[in-house]
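Pasting the sequence and the predicted model now:
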Amino acid sequence: MAVVALRNRLTDTDIRRLVKGGDDDERANAARKICRLIDAAPLQGEESQAASGILQLIIQDSAELVRRALAVTLRQSKNLPHDIAMRLAADVEEVATPILLSSPVLDEDDLTRLVETSDGGKLCAIAAREHVPAIVVEAIIDKGEEKSVGIAASNDGAEFSQDAYEKAFASFCENQGVMEAFVARSTLPLAVTEKLIAHISDEAMQRLVAKHALPPQLAVELAEDARERATVDLVEQAGLAHDPQHFVQQLRMNGRLTPSLVLRAMLCGHVAFVEHAFAELAGVTHARAWLLVHDAGPLGLRAIYDRTGMPPRLYPAFRASIDIFHSMEMPHDPQGREHFKATLAERAITRFQGIPEEDLDYVLDRLHAAPAELREAS
């Protein structure tokens, strides 16, 4: 858009309303219209200078409503000049928040400096950005404000380095709100998961166990100790384990790798865990176990199953589950995978009626605990 084109699209009335509008609302409406035009234009050279001049006029308005109109309209625009973005970020909280939360023109150096001079809602806005660089996360923790640290802790877009985790635990380990905020993250290092155990409520513990893998020994200890605040669901931990082989070995050492556990894992769709369990119990490599479990013929699964020493009466349930698993395509999205597991369990139960009652009750309970939309879809 040429300068003249930009000027032609702004009527004299727009400019008069912006400069001499009778009230704040009139000037704010004019500012919104002008900012929308600037946002839509591919500005370069003289066009950029012309737009900057207009925005300088808006940002000098004494009315907070007018400056907020600028901030809200251009909060995600790359056409917002850097110097104006910084002035808006230093403005009152209502004006600054949209820019601090969303503006792409602020880099990590800008954000780090802004953390040092911000507090309250401004700091929370920075912590909630779609992407918060690690250096900015550490600056937020150093600032020491509980609410903003909790927001960063629960924000998957906030990069927590090892140093950041250590700083957060050092400063907020006794703050249950901050500690429980970490549970909301999609992924957590195992060491962090383990540390959280001692600092969160029973309800948060259940969410932690359901969502994040625990170190194998810790999972076993929690499951075996009736005095613990929560009982770990080892079947779900089997599905979350980053190192299934190690997890299986740990379970066997503690006498927890039972036929019931392996069957429940199979019915819940944790096939990788079943492969490693068969390999451990049969004394073969995982590669060998994988080939036998997924053998297209009738003999492979039977051969390795017999070597595991598990009860012959359970073999038909494994056979039915593997056949159903091969007849379906595993989706890649989380909701699709949950639906896949529910469908596998329901079809296996329907096909084979000899599943032990306690295992059947467990699987049915898991299905009933699934989100309603997944049950309806199945």
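Okay, I see it. Numbering: from 1, shown residues only.

avg pLDDT for stretch 93-113?
The average pLDDT within stretch 93-113 is 93.

What residues of that stretch count as buried?
95-103, 105-106, 110-112 (16 or more other Cβ atoms under 10 Å). To be clear about C-beta, it is placed using only N, CA and C from the backbone, and glycine gets the same treatment.

which outside residues touch that stretch?
64, 67-68, 71-72, 74-78, 80-82, 85-86, 88-90, 114, 118, 120-122, 125-126, 128-130, 132-133, 135-136, 139 (Cβ atoms under 8 Å, 6 or more residues apart in numbering).

And it, end to end?
Using Cα to Cα, to the nearest Å, one end of stretch 93-113 lies 16 Å from the other.

circling back: in PyMOL, select just the buried ones from the contacts of stretch 93-113.
In PyMOL, a selection of the buried entries from the contacts of stretch 93-113 looks like this (16+ other Cβ under 10 Å):
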select buried, resi 67+68+71+72+74+75+76+77+80+81+85+86+88+89+114+118+122+125+126+128+129+132+133+136+139
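
Helices - which of the contacts of stretch 93-113 land there?
Of the positions in the contacts of stretch 93-113, 64, 67-68, 71-72, 82, 85-86, 88-89, 114, 120-122, 125-126, 135-136, 139 sit in helices, assigned by DSSP state H.

Could you give the separation between the terminal residues of stretch 81-95?
16 Å.

can you check stretch 68-84 too?
13 Å.

The buried residues of stretch 93-113 in strands, which ones?
The members of the buried residues of stretch 93-113 all map outside strands under DSSP state E.

which one of those is nearest Arg36?
Set against Arg36, the nearest of the buried residues of stretch 93-113 by Cβ to Cβ is Pro98 (14.6 Å).

Per-residue pLDDT of the nearest residue to the closest one once chain neighbours are set aside, please?
Of all residues beyond its chain neighbours, the one nearest Pro98 is Arg75 (4.0 Å), with distances taken as Cβ to Cβ, 6 or more residues apart in numbering. Each residue has a pLDDT score; the one for Arg75 is 91.

show me what contacts Arg75?
Arg75 touches Pro98, Ile99, Leu101, Ser102, Ser103, counting by Cβ under 8 Å, 6+ apart.

ok, the buried residues of stretch 93-113 vs Ala51, which is closest?
Closest to Ala51, out of all of the buried residues of stretch 93-113 and judged by Cβ to Cβ, is Val105, at 13.4 Å.

and the closest one, how far is that from Glu280?
To Glu280, Val105 is 55 Å away according to Cβ to Cβ, to the nearest Å.

Same check on Arg67?
65 Å.

What of Pro316?
For Pro316, the distance to Glu280 (Cβ to Cβ) stands at 22 Å.

quick one: which of these two has more around it?
Glu280 (20 against 15; other Cβ atoms under 10 Å).

Let me know the helix or strand that that one is in.
helix 271-282 (DSSP states H and E).

Pretty sure Ala184 sits against Ile151.
No: assessed by Cβ atoms under 8 Å, Ala184 is found out of contact with Ile151, at 10.2 Å.

Who has more neighbours out of those two?
Legend: neighbour count by other Cβ under 10 Å for Ala184 and Ile151, higher for Ile151 (22 against 15).

Need phi/psi at that one.
phi -60, psi -40 (degrees, to the nearest 10).

pLDDT at Ala181, what is it?
Per-residue pLDDT puts Ala181 at 90.

What distance do you get for it to Gly300?
In terms of Cβ to Cβ, Ala181 sits 47 Å off from Gly300.

State the mean pLDDT of stretch 120-132.
For stretch 120-132, the mean pLDDT works out to 94.

what distance separates that stretch from the centre of its chain?
Distance of stretch 120-132 from its chain centroid, counting by Cα atoms, centre = their mean, to the nearest Å, is 17 Å.

what does that stretch contact?
Against stretch 120-132 from outside (Cβ under 8 Å, 6+ apart): 89, 93, 96-97, 100-102, 111, 114-115, 118, 136-137, 140, 143, 145, 147-149, 151-152, 155, 157-159.

so where is this structure shaky, pLDDT-wise?
In the predicted model of the chain, residues 1-22, 41-48, 198, 202, 214-235, 238, 331-332, 334-337, 350-354, 358-378 satisfy pLDDT under 70.

middle-most residue in it, spatially?
Residue closest to the average C-alpha location in the chain (Cα atoms, centre = their mean): Ser186, at 3.3 Å.

what about it, which SS state?
Following DSSP: H, G, I helix; E, B strand; the rest coil, the label given to Ser186 is coil.

Pull up the gap between Lys211 and Met205, please.
For Lys211, the distance to Met205 (Cβ to Cβ) stands at 11 Å.

Check Cys173 too.
For Cys173, the distance to Met205 - Cβ to Cβ - is 16 Å.

neighbour count winner among the two?
Of the pair Cys173 and Met205, Met205 is the one with more neighbours under other Cβ under 10 Å, namely 21 against 14.

My guess is the more buried one contacts Ile197. True?
Yes: the pair Met205 / Ile197 is scored as a contact, 7.0 Å apart, by Cβ under 8 Å.
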